[in-house]
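K.L.:
Just need the structure, nothing else, for what follows:
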Amino acid sequence: MAANSSGKKPWWKKLKVGRRGSAKSKAPDGSPQQGSIRSSADSSQDRVERREKLKRVTELGREHMEQKKTSTTLLGHKIVLQDAVANIAGAVKWAEVFIKEAVKDLPYASIVMAGVSLDEAANQDGFTYVTSQMRYYVAMESLLLPEDMKADLKADLTDRLVGLYGLIISFQVQSVIRFYRSRTKNFFRGTISYDGWETKLQDIKDGDKDFVSKLETAVSGTSLQGLKKLAQEAEHSRKTLDNLFGKMEELVGVSRDHLDTAQKMEQHMLDAETRACLEALQASDPRHDKDRIELDKGGLLQDSYRWVLSHVDFQRWRDDRVDQLLWIRGDPGKGKTMLLCGIIDELLKTTAPTANISFFFCQATDARINNATAVLRGLIYMLVTQQPALISHLRESFDGFGKQRFEGPNAWVALSNIFTSILGDLESARSGETYLLIDALDECTGNPDRLLGLVAQKSSEYPSVKWIVSSRNWPSIERDLDTATQKVRLSLELNEESVSAAVTTYVQAKVEGLAKRNKYSNDTRDAVERYLSANAHGTFLWVALVCQELATAPGWKAQKKLAAFPPGLNAFYRRMMDQICNSEDAVLCKDILAIVSVVYRPITLDELTALVDALDGVSGDYEALAEIVGLCGSFLTLHKRTISFVHQSAKDFLLKQAHDEIFPSGIEDTHRTIFSRSLRAMRETLRRDIYNLGTPVFSIDNVRSPDPDPLAAVRYSCVYWINHLRDCDPKKNANKDLQDGGSIDAFLREKYLHWLEALSLLKRMPDGIASMLELERLFEGHRNVVNSVAWSHDATRLASGSADKTIKIWDPTTGQCISTLEGHSGGVWSLASGSTDNTVKIWDPATGQCVSTLEGHGDYVKSVAWSYDTARLASASDDKTIKIWDPATGQCILTLKGYENDITSVAWSYDTTRLASALGDSTIKIWDLATGQYVSTPEGHKDAVSSIAGSATRLASASAWSATWLASASGDSTVKIWDPATGHLVGDPASVGVSGQHSQDLGSGDRPVCVDTRGP
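P.N.:
Numbering: from 1, shown residues only. From the prediction side, this is the model:
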């Protein structure tokens, strides 16, 4: 992004945070909408909605004016006036945004604005005169033009009155026109000014004077008396309006600076760069998530959460300036999420418009909202939409980096810095209370420790920021939140009476709905209510699931069916699982449950058809697909064609208690199935220019998906197919797919560019880049850290041991993996191989089979070495011993003890009579294996000795094969050459340039390199 070449600060760096001048309303989708800022993610308001806004402003304005008022009489009508400028200011500021929206399409709405837009005396005089005179003539028309008046006189007066009306209407029309010409330049100034103002006003006054003069000669004395009375009332009305305009002038003077700033912010918030910044930030709109959750759970029942508002712990958190964090905790199904929904609604009602309210709902089953970074993105997005000036913090970080600033491994650092600066800005600006609410901390599966640490730290730093979090009763969460110094705990289990009363209310509401829907008799209704109340045990979710099952049963079967619902969530889930397993659709249902359990985000019905072979025949038939999903019992729920779990506890049950039933071949096999079916679906679907765009010359942001969308079924597959390949244990389950000529090779050769095009259309190109990097890593071989490598004696093979529990034999000339040796249950440190499973394994590289397992060490085996005659094997362990093995029998024939420091490496002398060991205390011990005693301790290194190796030659000048030398590498950046017979230093080849970091890579610390491929 280009820098600002003018040298001036961008507009967003000049803005200051202030109190908001807008009210809380509902967005087009029904979600709470705060502030005046709009991103492109918000849908534009249509005319009907703006009319509704103006209507709402009128209603709420009436309620506001009732708070403090005075009365006066205008043309015989009693009207109520606000007598406090501060209250008027609050009402006008509150309504500002909505009136501005309304007047875009409603000309008559400009009159509403006229009352708060006057700042010139001439304008005020004209407005008061025209308004009072219009009402004056309307009122006197029937009085002064009676039926018995002479026809010619009445016609003359009528013409004059109509002419006067015309002048007045012309005045008002031109006021509206002037309003529209000036509103974009300065919204609150000159609203009803227009060219030729004084001339027009004088025409009205002249017409008025002429009409009255003519009238005085034509009317009776009684009528004239009435006319004079009306004139007096009109004059009184003008004085009343003058007083009101005086107060309005004060209002405009007080608020003009704020309104000008708001206008600038609204104008600039719609620039392209800011829109791009907000779009990059917004992974999900928490307001929409809240609405979806409430809809999925059958709506928010006020009586189910209102108890918490009067709870002593809640009030203590709300009113105390010390306790900033409220932690609501409880078991699954206790209503924590709906409790927070209710609290949010109450805060929106009682603190608007002065408070900033930001919230986020974590859901483990949805990759968009199940990680710490997503939480910060959601909280920041909501704060910025309420306080537009806060965009400066985002822009400072976003400009020059773009979307990647909010994604990838560094996103958390960038976002936490932005979040901290925003909280500091809100605190210093004294912009009212800020409320931050995070639901379901236990469902934050991506870096939860980061999120918990941030909550604990920040909740103690800012007095004007109050936090509410909810979670299950997990000790890990409690440990992290215990570091917060100012917190209140509210346990649902310790408030069983209140929760049970709320559940009872919930039961009554659910049963009432069932009774109406299924036409229950009174006896049935009472029986259902009694059973649910007696067995709910304070669990909302259990009640909801039972009622969902009863909804499909006719009323006469309800009582009989009740007995089939056991109390408790796990018992209920077990009953549903048994029903599925015994049904004729068991295979299909278990396949669907398995796939929904392992996908990385909720999938749609279209996407499900691409992943389940049995659904090929009903692709596009949404009624049939919805019916099939319904066969999976109450585990799943369907919302706008998107499948998700009814609750996280349902997924937990399937992954733990029902694992063997839905994953009979293991969860890796399901990942393999999704990968395979995704690859097939993409090969069948993807093609060049799939949206028929031709040769587009416009931004991808301007592309809209066609209907029907040809990518609908493969959207998930395009983004996540490589993730499932990674998690399917590819070396075991997808080895052929990874080979040359395999399915992946064929797909990339045929569809690679089409896949990239699809990712671009889906706006997921960064995910594609990450996927290709992941795929590259999979092709490299090991799936985890490589701890050890060793050459064969003839240098034709290379062996590597890894923390992925495998050993690989490589052809160094081609770079191909020839064989993979598996068998360790822990990471492999070396070959013949030692492992973190405390064992040593001996392998046959030709067959890849483990031929022997040597057991006896009490801790990790860090180093192994064959003797030169391959008759013996030495192993060093973290149990501070070295064992000498007979590989032919698998027996340990000698144990060397006496170490006080870690043993990092071992090496044999050429004649196998001595064994050297490297230690973490910077020394080397040399043992005489015939006596089992160490004979020397060479010293000279200044740091831990990380690796040693014996040699049958004296580097470049060998004298005899029987002469063995010993080389040692250390963290002190040196390699030393020793004579093991004497323990004396022979050489210090500093010229080789071995660095400390290099020696670490060679095998220091906890990753020793002592791989040995000699062996029998």
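K.L.:
Would you map the strands across the stretch 851-1000 of the chain?
P.N.:
Assigned by DSSP state E, counting those that start in this stretch, the strands in the stretch 851-1000 of the chain fall at 861-866, 873-877, 882-886, 891-896, 903-908, 914-919, 924-928, 933-936, 945-951, 965-970, 975-979, 984-987.
K.L.:
tell me the average confidence for the second one?
P.N.:
Just to be clear, that refers to strand 873-877. The pLDDT scores in strand 873-877 average 91.
K.L.:
and if you look at the fifth one?
P.N.:
Across strand 903-908, pLDDT averages out at 86.
K.L.:
and the angle for that strand with strand 873-877?
P.N.:
Interaxial angle of strand 903-908 relative to strand 873-877 (axes from the mean of the first three to the mean of the last three C-alpha atoms, to 10 degrees): 170 degrees.
K.L.:
Neighbouring strands - and their directions - for strand 903-908?
P.N.:
Strand 903-908 pairs in its sheet with strand 914-919 (antiparallel), by DSSP bridges.
K.L.:
And the contacts of the partner strand?
P.N.:
874, 876, 882, 884, 896, 899, 901-909, 924-929, 935, 944-948, 950, 966, 968, 980 (C-beta atoms under 8 Å, 6 or more residues apart in numbering). From N, CA and C alone the C-beta is placed, and that goes for glycine too.
K.L.:
rewinding a little: list just the one of the strands of the stretch 851-1000 of the chain that sits closest to residue 702.
P.N.:
With C-beta to C-beta as the measure, strand 945-951 is the member of those nearest residue 702 (58.2 Å).
K.L.:
quick revisit: redo the strands of the stretch 851-1000 of the chain as a markdown table? Include distance to residue 459.
P.N.:
What follows is those, written out as a markdown table (distance: least, C-beta to C-beta, whole Å):
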| stretch | distance to residue 459 |
| --- | --- |
| strand 861-866 | 44 |
| strand 873-877 | 46 |
| strand 882-886 | 53 |
| strand 891-896 | 55 |
| strand 903-908 | 45 |
| strand 914-919 | 48 |
| strand 924-928 | 54 |
| strand 933-936 | 58 |
| strand 945-951 | 45 |
| strand 965-970 | 48 |
| strand 975-979 | 53 |
| strand 984-987 | 60 |
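K.L.:
now the ones you listed as a markdown table including mean neighbour count and distance to residue 596?
P.N.:
Converted to a markdown table, those look like this (neighbours: other C-beta atoms under 10 Å; distance: least, C-beta to C-beta, whole Å):
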| stretch | mean neighbour count | distance to residue 596 |
| --- | --- | --- |
| strand 861-866 | 28 | 42 |
| strand 873-877 | 27 | 45 |
| strand 882-886 | 21 | 50 |
| strand 891-896 | 15 | 51 |
| strand 903-908 | 26 | 48 |
| strand 914-919 | 26 | 53 |
| strand 924-928 | 21 | 58 |
| strand 933-936 | 15 | 62 |
| strand 945-951 | 23 | 49 |
| strand 965-970 | 24 | 53 |
| strand 975-979 | 20 | 57 |
| strand 984-987 | 14 | 66 |
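K.L.:
Considering the ones you listed, which stretch scores lowest in mean pLDDT?
P.N.:
Lowest mean pLDDT within the strands of the stretch 851-1000 of the chain: strand 984-987, at a mean of 72.
K.L.:
List the strands paired with that strand, with their directions.
P.N.:
strand 975-979 (antiparallel).
K.L.:
Using PDB, list the CA coordinates for the partner strand.
P.N.:
C-alpha atoms of strand 975-979 as PDB (Å, rounded to 0.1, in the frame of the first residue of the first chain):
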ATOM      1  CA  VAL A 975      36.100 -29.800  18.100                       C
ATOM      2  CA  LYS A 976      38.900 -31.500  19.900                       C
ATOM      3  CA  ILE A 977      41.000 -34.600  18.900                       C
ATOM      4  CA  TRP A 978      42.000 -37.000  21.700                       C
ATOM      5  CA  ASP A 979      44.300 -40.000  22.200                       C
END
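K.L.:
Just want the angle from it to strand 965-970.
P.N.:
Going by the same axes, to 10 degrees, strand 975-979 is angled at 150 degrees with respect to strand 965-970.
K.L.:
you'd agree residue 975 is up against residue 968?
P.N.:
Yes. The criterion here is C-beta atoms under 8 Å, and residue 975 meets it with residue 968 at 6.8 Å.
K.L.:
Next up, the contacts around residue 933.
P.N.:
Contacts of residue 933 by C-beta under 8 Å, 6+ apart are residue 927.
K.L.:
Quickly list what it is bridged to.
P.N.:
Here residue 933, judged by DSSP bridges, has bridge partners residue 928.
K.L.:
List the buried residues in stretch 305-313.
P.N.:
The neighbour-count check on stretch 305-313 (16 or more other C-beta atoms under 10 Å) flags 305, 307, 308, 313 as buried.
K.L.:
gap between residue 384 and residue 530?
P.N.:
51 Å (C-beta to C-beta, to the nearest Å).
K.L.:
Same drill for the two, tell me which one is more crowded.
P.N.:
residue 384 (27 against 13; other C-beta atoms under 10 Å).
K.L.:
what sits against the more buried one?
P.N.:
By C-beta under 8 Å, 6+ apart, residue 384 lies in contact with 37, 278, 281, 390, 391, 394, 422.
K.L.:
May I see the residues you listed arranged in TSV, with distance to residue 662 as well?
P.N.:
Formatted as TSV, these follow (distance: C-beta to C-beta, whole Å):
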residue	distance to residue 662
37	46
278	41
281	37
390	46
391	47
394	43
422	44
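K.L.:
For residue 531, what are phi and psi?
P.N.:
The phi and psi torsions at residue 531 (degrees, to the nearest 10) take the values phi -70, psi -40.
K.L.:
Does it touch residue 560 like I think?
P.N.:
No. Residue 531 is beyond contact range of residue 560, at 11.6 Å (criterion: C-beta under 8 Å).
K.L.:
More neighbours: the two, which one.
P.N.:
residue 531 (19 against 9).
K.L.:
Pull up the gap between the residue nearest to the more buried one when sequence neighbours are not counted and residue 383, please.
P.N.:
In this structure, residue 531 finds its nearest non-sequential neighbour in residue 562, 4.8 Å apart by C-beta to C-beta, 6 or more residues apart in numbering. Counting by C-beta to C-beta, the gap from residue 562 to residue 383 is 48 Å.
K.L.:
quick one: which of these two has more around it?
P.N.:
Using other C-beta under 10 Å, the more surrounded residue of residue 562 and residue 383 is residue 383, with 23 against 19.
K.L.:
Please name the nearest non-neighbouring residue to that one.
P.N.:
Spatial nearest neighbour of residue 383, chain neighbours left out: residue 358 (5.0 Å); criterion: C-beta to C-beta, 6+ apart.
K.L.:
and the one you found, how many residues sit next to it?
P.N.:
Count around residue 358 with other C-beta under 10 Å applied: 23.
K.L.:
what helix or strand does the closest residue to residue 307 other than its chain neighbours sit in?
P.N.:
Using C-beta to C-beta, 6+ apart and skipping the chain neighbours, the partner closest in space to residue 307 is residue 498 (4.5 Å). Assigned by DSSP states H and E, residue 498 belongs to helix 496-518.
K.L.:
try residue 208
P.N.:
Assigned by DSSP H and E, residue 208 falls in helix 197-216.
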